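Q: sequence unknown, structure follows:
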Ligand SMILES: CC(=O)N[C@H]1[C@H]([C@H](O)[C@H](O)CO)O[C@](OP(=O)(O)OC[C@H]2O[C@@H](n3ccc(N)nc3=O)[C@H](O)[C@@H]2O)(C(=O)O)C[C@@H]1O
Ligand SMILES: CC(=O)N[C@@H]1[C@@H](O[C@@H]2O[C@H](CO)[C@H](O)[C@H](O)[C@H]2O)[C@@H](O)[C@@H](CO)O[C@H]1O
């Protein structure tokens, strides 16, 4: 009788362990990872999984590590606020007074038009319902590449690597044609402001970064009357992008980056930093390409020749 009971206990323990280990594997390993049978490594992995399970009973994503699962860096955790909303939508378009005052000073706009009236007009023209990229409904692993415009991308041969991401985010005048092997050919989202606008392929989402009220009005006129053709430099009167493909960066989110991440340094965040922080809040895994100087310390774009290197060449 005692023997039968012991066997039952053993069977039960074995079944319990099997189910637990299988559910860990199913829950936490969406991507194929290299298996190592080093017992110490297995114990560390197992304890990490147990810790995560207690911390996040339902994981936010199925990547090996998800950005929103904090606990890797205190520095990062102290700055990251997952409740901040990167998009300005018709639902969250009421900008708090302090954020509005801060934003209004960015480019010292004289006599700005009423923001509420401008936003009402804007969301009368574009849908303003945010981006499906943000819908966290399906349990998956959203891998994003943020591609900056640095000349260090020349001969980098990152093209294939970049294109393997689910989302590829580019900015300003960044071209891909002719640079595919270094920067890839896929673009899902492109960040622009009126002064940096370039025509986009029909399947690309344009994310307008508004630095002033006029930038929001420009979107409206660029899709309708074509009346605005100058801000502080000439800007395109008309744009071909479909209104359903236009998304708007949230000024409140810009202020959050300036305060939490830039710690008030500089005037306001660069487009590169705005794009990176955006990705960190909507993606599960983020890889960054094309930021910083090249190996000689030059800060040119990858599509330009460096004039300081070769005075005979002007920037294209
Ligand atoms: C003259 C000027 O105003 N240049 C600015 C240009 C310009 O307005 C646009 O190219 C449109 O013509 O825009 C900027 O940026 P720019 O378009 O040059 O580059 C986008 C982002 O890529 C990163 N970068 C770029 C070049 C480089 N050598 N290293 C890098 O790390 C940066 O993160 C950068 O933000 C901008 O919007 O931030 C910043 C640049 O200072
Ligand atoms: C070279 C420069 O400082 N130009 C400024 C211009 O800055 C640029 O603004 C862009 C957004 O509109 C973007 O942030 C870019 O990175 C900046 O270089 C504006 O501040 C403009 C405002 O009138 O004044 C130009 O001299």
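A: Nice, I can see it. Computed from a prediction, not measured in an experiment: that's the story for all the values here. Ligands and ions are numbered 1, 2, ... in the order given.

Q: Residue 129 versus residue 142, what's the distance?
A: Per Cβ to Cβ, to the nearest Å, residue 142 is found 19 Å from residue 129. C-betas here are computed from N, CA, C, even on glycine.

Q: okay, these two: which has more neighbours?
A: Legend: neighbour count by other Cβ atoms under 10 Å for residue 142 and residue 129, higher for residue 142 (22 against 13).

Q: Residue 204 touches residue 188, doesn't it?
A: Yes. Contact criterion Cβ atoms under 8 Å: residue 204 and residue 188 qualify, at 6.7 Å.

Q: residues in contact with the closest residue to ligand 2 within the stretch 201-316 of the chain?
A: Closest residue of the stretch 201-316 of the chain to ligand 2, Cβ to the nearest ligand atom: residue 232 (3.9 Å). Shown in contact with residue 232 (Cβ atoms under 8 Å, 6 or more residues apart in numbering): 107, 195.

Q: How about residue 244?
A: When contacts are counted by Cβ under 8 Å, 6+ apart, residue 244 touches 126, 127.

Q: How much space separates residue 61 from ligand 1?
A: Distance, residue 61 to ligand 1, by Cβ to the nearest ligand atom, to the nearest Å: 26 Å.

Q: That residue and residue 166 touch, don't they?
A: No. Taking Cβ under 8 Å as the definition, residue 61 is not a contact partner of residue 166, at 11.4 Å.

Q: Residue 268: which element?
A: Per DSSP states H and E: residue 268 is located in neither a helix nor a strand.

Q: so is the closest residue to ligand 1 within the stretch 201-316 of the chain in a helix, a strand, or just coil?
A: Nearest to ligand 1 in the stretch 201-316 of the chain, going by Cβ to the nearest ligand atom, is residue 272, at a distance of 1.8 Å. Secondary structure, DSSP: H, G, I helix; E, B strand; the rest coil: residue 272 is helix.

Q: Once you drop chain neighbours, what's closest to it?
A: Nearest non-adjacent residue to residue 272, counting by Cβ to Cβ, 6 or more residues apart in numbering: residue 148, 4.7 Å away.

Q: do the same with residue 133
A: With sequence-adjacent residues excluded and distances taken as Cβ to Cβ, 6+ apart, residue 133 is closest to residue 282, at 5.6 Å.

Q: Run through the residues that contact the one you found.
A: Contacts for residue 282 (Cβ under 8 Å, 6+ apart) come out as 86, 131, 133, 134, 142, 144.

Q: Backbone dihedrals for the closest residue to the fourth one other than its chain neighbours, please?
A: On the basis of Cβ to Cβ, 6+ apart, the spatially nearest residue to residue 134 that is not a chain neighbour turns out to be residue 282, at 5.3 Å. Comment: the main-chain dihedrals of residue 282 come out as phi -120, psi -10, following degrees, to the nearest 10.

Q: For residue 282, give its distance to residue 262.
A: In this structure, residue 282 and residue 262 are 20 Å apart, going by Cβ to Cβ.

Q: returning to what we had before: what about the residue of the stretch 201-316 of the chain closest to ligand 2, helix or strand, and which?
A: Of the helices and strands defined by DSSP H and E, none includes residue 232.

Q: Now for the contacts of residue 282: which two are most distant?
A: Greatest spatial distance among the contacts of residue 282 (Cβ to Cβ): 86 and 142, at 13.6 Å.

Q: Any residues of the stretch 51-200 of the chain in contact with ligand 1? List them.
A: Contact residues (Cβ under 6 Å from any ligand atom) of the stretch 51-200 of the chain with ligand 1: 148, 149, 150, 151, 171, 172, 173, 195, 196.

Q: hmm, which of these are the buried ones?
A: 148, 149, 150, 151, 171, 172, 196 (16 or more other Cβ atoms under 10 Å).

Q: Most widely separated two among these?
A: Taking Cβ to Cβ, the two most distant members of these are 151 and 196; they sit 17.2 Å apart.

Q: what's the helix or strand hosting residue 181 in contact with?
A: Assigning secondary structure by DSSP H and E places residue 181 in helix 180-183. Helix 180-183 is contacted from outside by 147, 153-159, 162, 174, 176, 289-290, 302, using Cβ under 8 Å, 6+ apart.

Q: show me what contacts the residue nearest the centre of the chain?
A: Among the residues of the chain, the one closest to the centroid is residue 279, at 1.6 Å (Cα atoms, centre = their mean). With contact set as Cβ under 8 Å, 6+ apart, residue 279 has these partners: 144, 146, 167, 169, 286.
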